[in-house]
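Enquirer: Here is a sequence with its predicted model. Questions after.
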Amino acid sequence: MKKDKVLSLVVALLMMVAAAIVVNKSVFGCSIVPSAATGVTEEAETVTASGEVVIHTADVPGCIDGYAGPVNLDIYISDGRIRQVKALDNVETPGFFKRAAVILSEWVGETPEDALLLKVDAVSGATYSSQAIITNVNSGLAYYEGTKARVASAMPWKLWVALIVTLCACIVPLVVRKKWYHTLQMVANVVVLGFWCGQFLDYAMIMKYISNGMALPAGLVAVAMLVAAFVYPLFGRPQHYCSHVCPLGSAQQIAAQVCGFKVHLSAKFVKGLDWFRRLLWAALMLLLWTDCLTGWMDLELFQAFQIESASWWIIGAAAAFVLLSTVVNRPYCRFVCPTGSLIKRAENIG
């Protein structure tokens, strides 16, 4: 390992830690602001002046995070029935959480005992956020009922499939360099990691892990991806995640095989596009460090894989880049991708 690459990795990590502190006010699970400023009461159960009981899931054992961070809820119980389930401020993607929040009314009017027996389904296209709501409501009600919350800590079976695909992408290319296998792996990345499981690295996910830590075993897929992205380059495997794991990068590589004709880009033009990528990344990092317009993290084109919840313009932009990939080699990866720019910065090549 070269010292300059280790130093670049440390610098990139510190840059993201600084962003996490500014944006999410926490780092590795430790809040840097007083609990009152985050809406957390430090009491799992309080009683209002009118006698209404309020369960604060932020302080209840067994609650889980959503896609980008904690999904804290207040559950109001009056006259033995649930009057309201209220979502507190969170850092979930607004579009996804708005879609997931429709299930908040599912428990209203039920007794806590009956509510614990309800089978509420996660919202398609907003699985992480809605599953966090379901689990946290059940944990809060179980706490209220005086029972031990039984939170499913086991990793869903489809994430085990995603882990297998990710490990194959991380390990097999080290020893197998057959074109047919590379194509097969790219297809698996797109279908399994992209459309089916929605597993990929982006700024929102990386910021979540830096701010809140990582729960295992569900985080094993992300661990493997992070190792491929940031550790492999230290051992002579630069850009391994981008070239062999990333579902959007894989989609562009598959598209490149469709057409034999390629547009020739002059070295000067390519250099100009690369400077555009660097300046764009610098501007986006500045927005994070100043806590201004941080919503850009939710606009990376990886979100297009979540078709049911992604905006049409994100889906359209992703489709346009994949189409362009038929004649230009991986244009989004090379000239736009903020996450790719972060990885390059950690490798000291961008």
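Expert: That came through, no problem.

Enquirer: C-alpha only now, for contacts and for neighbours.
Expert: OK.

Enquirer: Quick check, central residue of the protein?
Expert: Using CA atoms, centre = their mean, the residue of the chain that lies closest to the mean C-alpha position is residue 205, 3.1 Å off.

Enquirer: residues in contact with residue 334?
Expert: Contacts for residue 334 (CA atoms under 8 Å, 6 or more residues apart in numbering) come out as 274, 277, 340.

Enquirer: Over to the first one. Which of the three states is it?
Expert: Put plainly, it is residue 274. Reducing the assignment at residue 274 to three states with DSSP: H, G, I helix; E, B strand; the rest coil gives helix.

Enquirer: And it, how far from residue 165?
Expert: 31 Å (CA to CA, to the nearest Å).

Enquirer: Could you find the closest non-adjacent residue to the residue nearest to the centre of the chain?
Expert: With CA to CA, 6 or more residues apart in numbering as the measure, residue 68 is the residue that lies nearest to residue 205, at 6.0 Å, once sequence neighbours are left out.

Enquirer: Tell me, how many residues neighbour the one you found?
Expert: Residues within reach of residue 68, counting by other CA atoms under 10 Å, total 23.

Enquirer: Likewise for residue 119?
Expert: With other CA under 10 Å as criterion, residue 119 counts 9.

Enquirer: Report the secondary structure state of it.
Expert: When the rule is three-state DSSP, residue 119 gets the label coil.

Enquirer: Would you mind confirming that residue 100 makes contact with residue 126?
Expert: Yes - the pair residue 100 and residue 126 qualifies as a contact (CA atoms under 8 Å) at a distance of 5.7 Å.

Enquirer: Name the residue in residue 274 and residue 165 with the higher neighbour count.
Expert: More neighbours surround residue 165 than the other of residue 274 and residue 165, with 19 against 16 (other CA under 10 Å).

Enquirer: what helix or strand is that one on?
Expert: Mapping residue 165 onto the secondary structure by DSSP states H and E places it in helix 157-171.

Enquirer: Show me what the helix or strand following that helix is in contact with.
Expert: Toward the C-terminal end, the helix or strand that comes next after helix 157-171 (DSSP H and E) is helix 179-188. By CA under 8 Å, 6+ apart, the residues outside helix 179-188 that reach it are 165, 168, 169, 173, 244, 245, 247, 250, 251, 253, 254.

Enquirer: For residue 190, state which of those residues is nearest.
Expert: In terms of CA to CA, no member of the contacts of helix 179-188 lies closer to residue 190 than residue 247, at 4.6 Å.

Enquirer: That closest one: how many residues sit nearby?
Expert: Neighbour number of residue 247 under other CA under 10 Å is 29.

Enquirer: Over to residue 268?
Expert: Based on other CA under 10 Å, the number of other residues close to residue 268 is 9.

Enquirer: And it, how far from residue 295?
Expert: If you measure residue 268 against residue 295 using CA to CA, the figure is 33 Å.

Enquirer: and the chain, what are its domains?
Expert: Domain ranges of the chain: 3-24+156-347, 35-145, per automatic domain parsing.

Enquirer: Please look at residue 277 and residue 333 and confirm they touch.
Expert: No - here residue 277 does not reach residue 333: they are 9.6 Å apart, not a contact under CA under 8 Å.

Enquirer: Let me know the next secondary structure element after the worst-scoring helix or strand of the chain on mean pLDDT.
Expert: Taking mean pLDDT, DSSP states H and E as the measure, the chain has helix 35-38 as its least confident helix or strand, at a mean of 44. Using DSSP H and E, the helix or strand that directly follows helix 35-38 along the chain is strand 45-47.

Enquirer: Which strand or helix spans the closest residue to residue 156 other than its chain neighbours?
Expert: In space, and not counting its chain neighbours, residue 156 is closest to residue 218: 7.7 Å by CA to CA, 6+ apart. Using DSSP H and E, residue 218 maps to neither a helix nor a strand.

Enquirer: again, but for residue 206
Expert: Assessed by DSSP H and E, residue 206 sits inside helix 203-212.

Enquirer: Summarise which helices and strands that helix is packed against.
Expert: helix 3-24, strand 26-27 (3 or more CA pairs under 8 Å, 6 or more residues apart in numbering; DSSP states H and E).

Enquirer: could these go into JSON lines alongside distance to residue 74 and mean neighbour count?
Expert: Supplementary listing: the helices and strands packed on helix 203-212 in JSON lines, determined by distance: least, CA to CA, whole Å; neighbours: other CA atoms under 10 Å:
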{"stretch": "helix 3-24", "distance to residue 74": "20", "mean neighbour count": "18"}
{"stretch": "strand 26-27", "distance to residue 74": "21", "mean neighbour count": "22"}
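
Enquirer: What remains of the contacts of helix 179-188 if I keep only buried residues?
Expert: The neighbour count (16 or more other CA atoms under 10 Å) marks 165, 168, 169, 244, 245, 247, 250, 251, 253, 254 as buried among the contacts of helix 179-188.

Enquirer: Let me have these in CSV, extended by distance to residue 200 and pLDDT.
Expert: Compiled in CSV, the buried ones among the contacts of helix 179-188 are given as follows (distance: CA to CA, whole Å; pLDDT from 0 to 100):
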residue, distance to residue 200, pLDDT
165, 12, 97
168, 15, 97
169, 13, 97
244, 12, 97
245, 8, 98
247, 7, 98
250, 11, 98
251, 13, 98
253, 16, 97
254, 17, 97
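
Enquirer: Now flag whichever of those residues is closest to residue 15.
Expert: So of the buried ones among the contacts of helix 179-188, ranked by how close each gets to residue 15 (CA to CA), first place is residue 245, at 23.8 Å.
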